[in-house]
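Need coordinates for the below:
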Amino acid sequence: MPSKRHWRDRYVYFLLLLLAGLWLVLSGTTSEFVYDSYYFELARSLLAKTGYGFNFRPEPMVPPGFPALLAVLILGVGHSYAILIRSMSIFTIAGLISAYQILKAEEGPTIAGVVCLLLASSPIWFEFSTRMLFSDMPYFFTSMLLLWALTRLNCSTARAATQVLWWTLCAMLLLASILLRSTGIALVGGIAGWLVVSSIREHRFDKRRLAIFIPLIVLGVAAEGAWLSWAERHPVSLWPIHGFQESYVAQLKLKNGNDPELGMATWRDVIKRPLENEDDMVSSVAGLLIHKQVAGAWYSPITVIPLAWLLVGLGYSFRKSGGGIVEWYFVSYQLLYLFWPWNFELRFQLPVAPLAALYLWRGGLLCWYWVQRLPRSAAAIGCIVATLGILGSIVFGWRIPHPRPLFCIAVWLLAGGFSAVILAGGPQLMRKVSRVSDRVVSVAGVSLSVAEMAGAVAMIGLLAAGVWMQMAAGLENLRRVPEMDPNIEAAKWIRGNSPADAVVMARWEALVYHYSGHRVIWFPASSDPELLVAGIRRHHIRLIVVTEDEDDSYWKPSDAYCFRELAYAYPMLFQQVHKGAHERVYEVASEIQSADGPSW
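So this is what the prediction gives:
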């Protein structure tokens, strides 16, 4: 049942709104599109009524929900990048308030407030919400609000007119979530999984639910199907390589989407994929809560311990009720990314971070109860796990810089030492620990147990440290200079020094297109000179942008490496016409532009 309003709510709301004000003040003030103009260009195409797409082609990869939202914001507040970025902060805080309502109904106001405030004070989340113009934060808001509204819809016993209003709100939020991000289909999976399990487990299943929720499932599937159908009818295939240009389903066949030259995945790659992704997914949530980015590895205690807690907490939630909509949505969402063939990005985990924190808390609490009830059994398992962690850190992590093996070994030694002490002390020791932790202490008229006081001190410390780091990152936002991006520098040079009809090849096509105004062909992640030359001929490319980002390139191989291979094979076809601090622009010989290229 939805929880009633609690007196602590007002304090949580006040602190979240206070942080929202800080975010609005410390967001970037530049009017330039520094980081990514992809969604902005799509929004402009909607406003210009020129079709859904940009750069002289349709856009079959990104659903139109977020560009449509940006178009509405542009009509209301103008084209200012700073204002659009600030709107992302508003969506983030609104999403956290919605998540607070969900967690409060699940675990009470105290844990809900702690989780949401820790996430809101995270410098990682702050940087994402004040620098990036992506669809993740609006999706976070609509999905959290939908989960809360679905609970209200299920528990509503009011008259039919009120239920119709709740159903309409849920339908609108479901459509908005799916159109904002294709992973919104996980919400449909959450509703469907809950309906199936509740119909089996409940002896007196309310068949009224089927009439209420099945139309929502049909609506969500229809929306996703309509978008995929449109995308299939508007394919964009500029190069004969797999990956970026293909549908999400087709991309699952790749070994690694960031490096298409690795080829297609085998069944072994598909089996290993969840093992490679889960450590990053779990460590990212831990990093959000402790306000420090940590690298994931299967032998690292920062991965193993939170993963164990999360699985225990999630399993307990399913065992208790068979899983509600929240649990089934979380599982559906995580399954989508467990098999995702691209390198992990933190933004993938942000929309479900509050739910992951909830299951971490439940799992950690259950493990603590287990240690109290069966201390020697729990301590023996702890010693075994710590020993395996030390061996894994030595054998597999010794040559890996992140996470540092010495740090992993030190933490495992500490965990093993605690386990050994508990193993030696047994139930008598745990009874003494319980008496100490349960002892009530009065501070400023408030009675707290020692355990609660320790948790409050840790919470206040993390909150203060997080806000301090956010202020430091915010000052950096205010000092940022757009021209520091080499792609922007190259695009501005092209705009002022080349004919308007000159076709450009660049790795970051949206950014170069926005600043240059030229048609831009994506520089494919391929080091095959024959393939590149054939594409240059086919698309009549005149200018090529090359940046020096080999060590931190999103795509592999980097554009610098690919161009070196191309220039080595055809040294007379390219002439450098611009040299910047971190970018080069090359002109293609006129004879290769006019030659007829092969058809793929």
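
alpha carbons only for contacts and neighbour counts from here, please
Noted.

What helices and strands are in contact with the helix or strand harbouring residue 353?
Applying DSSP states H and E as the criterion places residue 353 in helix 353-373. Applying 3 or more Cα pairs under 8 Å, 6 or more residues apart in numbering; DSSP states H and E, one finds that helix 353-373 contacts helix 81-107, helix 109-120, helix 267-290, helix 301-321, helix 325-338, helix 375-395, helix 405-438.

what about 10 Å?
Contacts defined by 3 or more Cα pairs under 10 Å, 6 or more residues apart in numbering; DSSP states H and E place helix 353-373 against helix 81-107, helix 109-120, helix 136-155, helix 267-290, helix 301-321, helix 325-338, helix 375-395, helix 405-438.

List every C-alpha atom in the shortest one, with coordinates, as PDB.
Read that as helix 109-120. What follows is helix 109-120, C-alpha atoms only, in PDB (Å, rounded to 0.1, in the frame of the first residue of the first chain):
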ATOM      1  CA  PRO A 109      11.200   7.100   5.300                       C
ATOM      2  CA  THR A 110      14.600   6.800   7.000                       C
ATOM      3  CA  ILE A 111      16.200   4.400   4.500                       C
ATOM      4  CA  ALA A 112      14.400   6.200   1.600                       C
ATOM      5  CA  GLY A 113      15.800   9.500   2.800                       C
ATOM      6  CA  VAL A 114      19.300   8.200   3.300                       C
ATOM      7  CA  VAL A 115      19.400   6.600  -0.200                       C
ATOM      8  CA  CYS A 116      18.000   9.600  -2.000                       C
ATOM      9  CA  LEU A 117      20.200  12.100  -0.200                       C
ATOM     10  CA  LEU A 118      23.300  10.100  -0.700                       C
ATOM     11  CA  LEU A 119      22.600   9.900  -4.400                       C
ATOM     12  CA  ALA A 120      21.700  13.600  -4.700                       C
END
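
Just want the angle from it to helix 353-373.
130 degrees (axes from the mean of the first three to the mean of the last three Cα atoms, to 10 degrees).

which of the residues in helix 109-120 are buried?
109, 111-120 (16 or more other Cα atoms under 10 Å).

any low-confidence regions in the stretch 51-200 of the chain?
156-158 (pLDDT under 70).

What is the end-to-end distance of stretch 179-186?
12 Å (Cα to Cα, to the nearest Å).

Now do the contacts for the closest residue to residue 349 other than its chain neighbours.
In this structure, residue 349 finds its nearest non-sequential neighbour in residue 281, 6.6 Å apart by Cα to Cα, 6 or more residues apart in numbering. Contact analysis of residue 281 by Cα atoms under 10 Å, 6 or more residues apart in numbering lists 296, 303, 307, 334, 337-338, 344-346, 348-350, 353, 356.

pLDDT below threshold where in the chain?
Looking at the chain by pLDDT under 70, you get 1-7, 28-36, 156-158, 203, 205, 443-445, 481-484, 550-552, 591-600.

Neighbours of residue 49, how many?
9 (other Cα atoms under 10 Å).

Show the contacting residues for it.
residue 43.

rerun at 7 Å
Contacts for residue 49 (Cα atoms under 7 Å, 6 or more residues apart in numbering) come out as none.

Quickly list the domain ranges of the protein.
374-438, 483-594 (automatic domain parsing).

picking that back up, Serialize the buried residues of helix 109-120 to JSON lines and add fields for distance to residue 37.
Below are the buried residues of helix 109-120 laid out as JSON lines (distance: Cα to Cα, whole Å):
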{"residue": "109", "distance to residue 37": "39"}
{"residue": "111", "distance to residue 37": "38"}
{"residue": "112", "distance to residue 37": "35"}
{"residue": "113", "distance to residue 37": "35"}
{"residue": "114", "distance to residue 37": "35"}
{"residue": "115", "distance to residue 37": "33"}
{"residue": "116", "distance to residue 37": "30"}
{"residue": "117", "distance to residue 37": "31"}
{"residue": "118", "distance to residue 37": "30"}
{"residue": "119", "distance to residue 37": "27"}
{"residue": "120", "distance to residue 37": "26"}
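
Distance of residue 437 relative to residue 423?
19 Å.

Between the two, which is the more surrounded one?
residue 423 (20 against 15).

any idea how far that one lies from residue 376?
From residue 423 to residue 376 the distance is 5 Å (Cα to Cα).

coming back round to it: please identify the most buried of the domains of the chain.
Mean neighbour count (mean count of other Cα atoms under 10 Å) peaks for domain 483-594 among the domains of the chain, with a mean of 19.

Give me the neighbour count for residue 19.
20.

Which helix or strand contains it?
helix 9-26.

just residue 188 next, same as before
helix 185-201.

Give me the buried positions along that helix.
For helix 185-201, a neighbour-count test (16+ other Cα under 10 Å) marks 185-195, 198 as buried.

Which secondary structure elements does it sit against?
Here helix 185-201 touches helix 208-233, helix 325-338, going by 3 or more Cα pairs under 7 Å, 6 or more residues apart in numbering; DSSP states H and E.

Run through the neighbouring helices and strands of the first one.
Based on contacts counted as 3+ Cα pairs under 7 Å, 6+ apart, the elements that helix 208-233 packs against are helix 160-180, helix 185-201.

okay, the angle between the last one and helix 160-180?
Translated: helix 185-201. Using the same axes, to 10 degrees: helix 185-201 against helix 160-180 is 130 degrees.

And what about the nearest residue to residue 343 once chain neighbours are set aside, helix, strand or coil?
Distance criterion Cα to Cα, 6+ apart; nearest residue to residue 343, sequence neighbours excluded, is residue 258 at 6.7 Å. Under DSSP: H, G, I helix; E, B strand; the rest coil, the three-state class of residue 258 is coil.

Now do residue 258: how many residues are near it, please.
Neighbours around residue 258, by other Cα under 10 Å: 19.

rewinding a little: now the helix holding residue 19: buried residues?
Buried residues in helix 9-26, counted by 16+ other Cα under 10 Å: 9, 12-13, 16-17, 19-20, 22-26.

got the contact list for residue 383?
Residue 383 neighbours (Cα under 7 Å, 6+ apart): 416, 419-420.

Closest one to residue 204 out of those residues, please.
The shortest gap between residue 204 and any of those belongs to residue 419, at 46.0 Å (Cα to Cα).

Enumerate every residue touching the closest residue to the closest one other than its chain neighbours.
Leaving aside its sequence neighbours, residue 419 sits nearest to residue 379 (Cα to Cα, 6+ apart; 4.5 Å). Counting by Cα under 7 Å, 6+ apart, residue 379 touches 419-420, 422-423.

if you set the cut-off to 8 Å instead, what comes out?
The contact partners of residue 379, taken as Cα atoms under 8 Å, 6 or more residues apart in numbering, are 371, 419-420, 422-423.

what two of these have the greatest distance between them?
Going by Cα to Cα, the pair spanning these furthest: 371 and 420, at 12.6 Å.

For burial, what's the neighbour tally of residue 100?
28.

cool, and residue 48?
Count around residue 48 with other Cα under 10 Å applied: 11.

what's the distance between it and residue 231?
For residue 48 relative to residue 231 (Cα to Cα), the value is 20 Å.

Please apply the same query to residue 168.
Residue 168 is 27 Å from residue 231, by Cα to Cα.

try residue 441
In terms of Cα to Cα, residue 441 sits 62 Å off from residue 231.

These two: which has the busier surroundings?
Each of residue 441 and residue 231 has its neighbours counted (other Cα under 10 Å); residue 231 has more, 19 against 14.
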